[in-house]
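**Q** Please work out how this folds:
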Amino acid sequence: MTAKIITVNEMYAADAYAEAHGTPVSVLMENAGRAVADAICARWSPRPVAVLCGPGNNGGDGKVAARLLAERGWELRETFDDAALVVDALFGAGLSRPLEGEAARFARASKDLTVVAVDVPSGLHGDTAEPLGETCVEADLTVTFFAKKPAHVLMPGRALCGEVVVADIGIPDAALSAVELFENGPGLWSYPQPKPDGHKYDRGHCVVVSGPAHATGAARLAARGALRIGAGLVSVASPPDAVAANAAQLTAIMVKPFTDLGALLHDKRLNAVVIGPGVGVSEDTRGMVRAVLASQAAAVLDADALTSFQEAPQTMLSLLREPCVLTPHGGEFGRVFGGLLADSQNKIEAARAAAARAGCTVLLKGPDTVIAAPDGRAIVNTNAPATLATAGSGDVLAGFIGGLMAQRVDSFHAAAMAVWLHGEAARRFGPGLIAEDLPEALPFVLAAQA
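**A** Next up is the predicted model:
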């Protein structure tokens, strides 16, 4: 199935496209209901089931599922109160009003029930990924059709959907031809494997700018990430007072003392720069960011590099260019782009608008990280485990991006690749993860991509 993500209106258009090309709504509904029944039977043995059907196509899908489940030996119930499993076919992704009455009562009870949602859990908006009111169904399994919607990949909707299954119901792939929103995964990019006749200089030289002596760890985490992800050479650009601290901790990673970062970056072999982790919020940082952006090196601006411009974000925005990746979390995003996130329908819309404004790739971090390019392409990452909420993990991510850009991966795909590999490394490591573990878990993830 496609990795594309579509809006509610795009799904309506896809249905219409299928009907115009010979697949009537009745066939789509039969296929959708069968997909729901198949998904249920693949996970549970027959038991008392209530199928709650609303008006419109979502309810029609539920009626088909109910008929097929009955044919397969499932006992149908009139209400959800005495059912062992409940199929929520009340309202689909296009619902625009809060739940009321019995639907709201079911939503309140759903957290204590086993629920399979058709399309999206009732009460969840398909595009915003937010509940429409105070109550929303919480599903264990959601069966959607043709392609995921924003509600399936963005929080909190993703958590409310449980496991998500995308079913093929006969809509032609051509109905998605204009979509530019994707769920992240290796099908969207290719890791730059070393060439048999290559050498380290082919794989670029990434520089990570260090903070002062008391704040050097973040830069070293980023540098370790850049080296592990394949940059041929990695250096930590160190202010004089931090040289000893960095040199004592680094081996394969070089230390480059500097007093003038711009002069250091005149060396064109230094083709990617990461600045921000632990560097400090100051006028000095603003000056170093200017030097990075004035160079020809690919740039990753993270953490303090962004916050240093919170009083004059337009100054930084006027300097940005490609190849460059901004990596804000929600708070940093607000410091650079004001109320754009709050004023947008969802994170996807906000990241796209930010990338267009910045003229470079924007990576809006979170459990549902969004990567957006200035031309409107966007990718949502969904594989990040909760264990990534630990000090320093963002520094490692910045290093992953810089290391890939040193290998001349374009900024949009470098950001998407780094985020997915970052999440997969954390998932493979499991509980107890700290930031230092991420570069060490990465080789096992990369081996699976070979």
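**Q** Bridged to residue 183, which residues?
**A** Listed beta-bridge partners, residue 183: residue 380 (assigned using DSSP bridges).
**Q** That one: neighbouring residues, count only.
**A** Using other C-beta atoms under 10 Å, the number of residues around residue 183 comes to 21. Just so you know, the C-beta spots here come from the backbone N, C-alpha and C atoms, and that holds for glycine as well.
**Q** Break this protein down into its domains, please.
**A** Here the chain is described, according to automatic domain parsing, as comprising the domains 8-179, 186-449.
**Q** Can you give the distance from the longest one to the centre of its chain?
**A** The one in question is domain 186-449. For domain 186-449, the distance from its own C-alpha centre to the chain's C-alpha centre is 16 Å (C-alpha atoms, centre = their mean, to the nearest Å).
**Q** Give me the mean pLDDT for that domain.
**A** Domain 186-449 carries an average pLDDT of 97.
**Q** coming back round to it: mean neighbour count added to the domains of the chain, as JSON lines?
**A** Formatted as JSON lines, those follow (neighbours: other C-beta atoms under 10 Å):
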{"stretch": "domain 8-179", "mean neighbour count": "19"}
{"stretch": "domain 186-449", "mean neighbour count": "21"}
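**Q** Next, work out how far apart the residue nearest to the spatial centre of the chain and residue 286 are.
**A** Computing the C-alpha centroid of the chain and ranking residues by C-alpha atoms, centre = their mean puts residue 381 first, at 2.1 Å. Applying C-beta to C-beta, to the nearest Å, the value for residue 381 to residue 286 is 30 Å.
**Q** Over to residue 292?
**A** Between residue 292 and residue 286 the computed distance is 11 Å (C-beta to C-beta).
**Q** same deal with residue 309?
**A** 6 Å.
**Q** what's the overlap in contacts for these two?
**A** Overlap of the contact sets of residue 309 and residue 286 (by C-beta atoms under 8 Å, 6 or more residues apart in numbering) consists of 315-316.
**Q** dump the residue contacts of the residue lying closest to residue 200 once chain neighbours are set aside.
**A** Once its chain neighbours are removed from consideration, residue 200 has its nearest residue in residue 232; the separation is 3.5 Å (C-beta to C-beta, 6 or more residues apart in numbering). By C-beta under 8 Å, 6+ apart, residue 232 lies in contact with 199-205, 406-407.
**Q** what does residue 172 give?
**A** Here residue 172 is in contact with 17-18, 21, 23 (C-beta under 8 Å, 6+ apart).
**Q** Try it again at 7 Å.
**A** Neighbour list for residue 172: 17-18, 21 [criterion: C-beta atoms under 7 Å, 6 or more residues apart in numbering].
**Q** can you check residue 189 too?
**A** Neighbour list for residue 189: 413, 416-417 [criterion: C-beta under 7 Å, 6+ apart].
**Q** So which of those residues sit within helices?
**A** Judged by DSSP state H, helices contain the following of the contacts of residue 189: 413, 416-417.
**Q** a markdown table for those residues, including distance to residue 276?
**A** Supplementary listing: the ones in helices among the contacts of residue 189 in a markdown table, determined by distance: C-beta to C-beta, whole Å:
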| residue | distance to residue 276 |
| --- | --- |
| 413 | 21 |
| 416 | 19 |
| 417 | 20 |
